[in-house]
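Undergrad: 3D model of this:
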Amino acid sequence: MKKVLLLCVILIGASGCAGATVNGSEQIAAEANKKAVNLYIKELEEREIDLINPLKQEVLMTIRKSDFADSEETLREWVKELARGPNGFDQRMKAAKVRDDGTFVPGVPQVVLKEEELVEKIKQASYFTRQLEIPIEVTYINVTEEDVAGLDEVEIGRYATKFTSSISGRVDNIELSAKSIYGVVLGPGDIFSFNRIVGERTKARGYKEANVIVDGDFVNGLGGGICQTSTTLYNVALDAGMEIIERNPHSLPVSYVPEGRDAMVNWGTSDLRFRNSFDYPVLIQMKVDREKSELIAIIKTAQRYL
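TA: Okay, here's the model as predicted:
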């Protein structure tokens, strides 16, 4: 009887030890799995990813997801710098131009890095991701040197406005902005953007203080007068049959055009944009005649296109 009881105690004890061993193994396995997962995540974050420049089909730089482990905001700020920084990917379009001597100056296409799309691509990169192509949008200029021969032959639009020559800062701004536009060529379907072509109005670029309309009042502001340039251009675009895409009125009437014929511009908020809807290129010319106190805008094309 004693032997039977002793055997039962031994069996029970053995059974209990076996159970402890199984539970311990599970715990060890769980910890091992956790370590494996953490190691996988670390390897994923440390894995190098080549960013490919699609314009040149070459590696622009190499990154790691761990570079942006702090926060998503860190990633967004890095992408913003990649797009808009001093050496950023974004490139403002420079329109093709024709000089007075007939020389063709090729334009530069507009390049815009799609920031949100690149953020998502990096966030979703897997362990197996070795390369990512940088998502960009390129707007090419739809005109060649062969297209522009004889573009100054025929006027298809003309408009002029008067200014007060005694207000020197204003006239200087008008002349400077008109020079930026002079000679611009628009190919079929090309869109003219005043802000893109003229650029930001800053002291460094030669713009001066003069009267501008702000919230229904005349105040002194940098670049005052350029709205006469945009307004004159708007009216010649109408006269030539361009398709108006964006035009913004002033909050007060202006003296140099009839009411409802003005076009206000402001860097970063308001633009003048129109499309060359013809199937041939056109040439835009703007110039200031200080003797007549007149700003003249002309749109031309070649005889062979008409």
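
Undergrad: Could I get the full set of helices for the stretch 151-300 of the chain?
TA: Per DSSP state H, counting those that start in this stretch, the stretch 151-300 of the chain carries helices over the ranges 168-181, 194-198, 226-240.

Undergrad: Just say which of those is most tucked in.
TA: helix 226-240 (a mean of 24; mean count of other CB atoms under 10 Å). Any C-beta I mention is one placed from the backbone N, CA and C, and that applies to glycine too.

Undergrad: Quick one: list the elements packing against it.
TA: Helix 226-240 sits against strand 154-162, helix 168-181, helix 194-198, strand 243-246, strand 282-289, strand 294-301, with contacts defined as 3 or more CB pairs under 8 Å, 6 or more residues apart in numbering; DSSP states H and E.

Undergrad: Run through the stretch 1-150 of the chain and note the low-pLDDT ranges.
TA: Within the stretch 1-150 of the chain, the stretches with pLDDT under 70 are 1-25, 29-45.

Undergrad: let's see 80
TA: Low-confidence segments of the stretch 1-150 of the chain (pLDDT under 80): 1-47, 69-70, 127.

Undergrad: Show me where it has its helices.
TA: 2-46, 72-84, 115-123.

Undergrad: coming back round to it: let's have the helices of the stretch 151-300 of the chain in JSON lines, adding distance to residue 260.
TA: Shown next, in JSON lines, are the helices of the stretch 151-300 of the chain (distance: least, CB to CB, whole Å):
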{"stretch": "helix 168-181", "distance to residue 260": "21"}
{"stretch": "helix 194-198", "distance to residue 260": "19"}
{"stretch": "helix 226-240", "distance to residue 260": "11"}
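
Undergrad: Could you give the bridge partners of the residue nearest the centre of the chain?
TA: By CA atoms, centre = their mean, the mean C-alpha position of the chain lies nearest to residue 112, the distance being 4.4 Å. When assigned by DSSP bridges, residue 112 has beta-bridge partners residue 137.

Undergrad: wait, it sits on residue 93?
TA: No: in this structure, residue 112 is not within contact of residue 93 by CB atoms under 8 Å, at 9.8 Å.

Undergrad: ok, back up a step: and the helices of the stretch 151-300 of the chain: which comes nearest residue 136?
TA: helix 194-198 (17.0 Å; CB to CB).

Undergrad: Restrict the closest one to CA atoms and write it as CSV.
TA: Extracted as CSV, the C-alpha positions of helix 194-198 are listed here (Å, rounded to 0.1, in the frame of the first residue of the first chain):
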residue,chain,number,x,y,z
PHE,A,194,2.0,85.8,-64.6
ASN,A,195,3.5,84.8,-61.2
ARG,A,196,5.5,82.0,-62.8
ILE,A,197,6.9,84.1,-65.6
VAL,A,198,7.5,87.4,-63.7
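
Undergrad: other SSEs contacting it?
TA: Checked by 3+ CB pairs under 8 Å, 6+ apart, helix 194-198 has helix 168-181, helix 226-240 packed alongside it.

Undergrad: And the average pLDDT for the longest one is what?
TA: To tie it back to what came earlier, the one meant is helix 226-240. Average pLDDT, helix 226-240: 97.

Undergrad: In CSV, could you pull the C-alpha coordinates for that helix?
TA: Provided in CSV are the C-alpha atoms of helix 226-240 (Å, rounded to 0.1, in the frame of the first residue of the first chain):
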residue,chain,number,x,y,z
ILE,A,226,2.6,95.4,-61.6
CYS,A,227,-1.1,95.0,-61.6
GLN,A,228,-1.2,97.4,-64.5
THR,A,229,1.2,95.0,-66.3
SER,A,230,-1.1,92.0,-65.6
THR,A,231,-4.2,94.0,-66.5
THR,A,232,-2.8,95.1,-69.8
LEU,A,233,-1.7,91.6,-70.5
TYR,A,234,-5.2,90.3,-69.6
ASN,A,235,-6.8,92.6,-72.1
VAL,A,236,-4.4,91.7,-74.9
ALA,A,237,-5.1,88.0,-74.2
LEU,A,238,-8.8,88.7,-74.6
ASP,A,239,-8.2,90.6,-77.8
ALA,A,240,-6.1,87.8,-79.3
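
Undergrad: between it and strand 282-289, how many degrees?
TA: Here helix 226-240 runs at an angle of 140 degrees relative to strand 282-289 (axes from the mean of the first three to the mean of the last three CA atoms, to 10 degrees).

Undergrad: tell me the angle of helix 226-240 relative to strand 294-301?
TA: Helix 226-240 and strand 294-301 are oriented at 40 degrees to each other (the same axes, to 10 degrees).

Undergrad: Can we start the residue count at 18 from this point?
TA: Understood, numbering begins at 18; the last thing we discussed is helix 243-257.

Undergrad: chain center to helix 243-257: distance?
TA: With CA atoms, centre = their mean, to the nearest Å as the basis, helix 243-257 stands 24 Å off its chain's centre.
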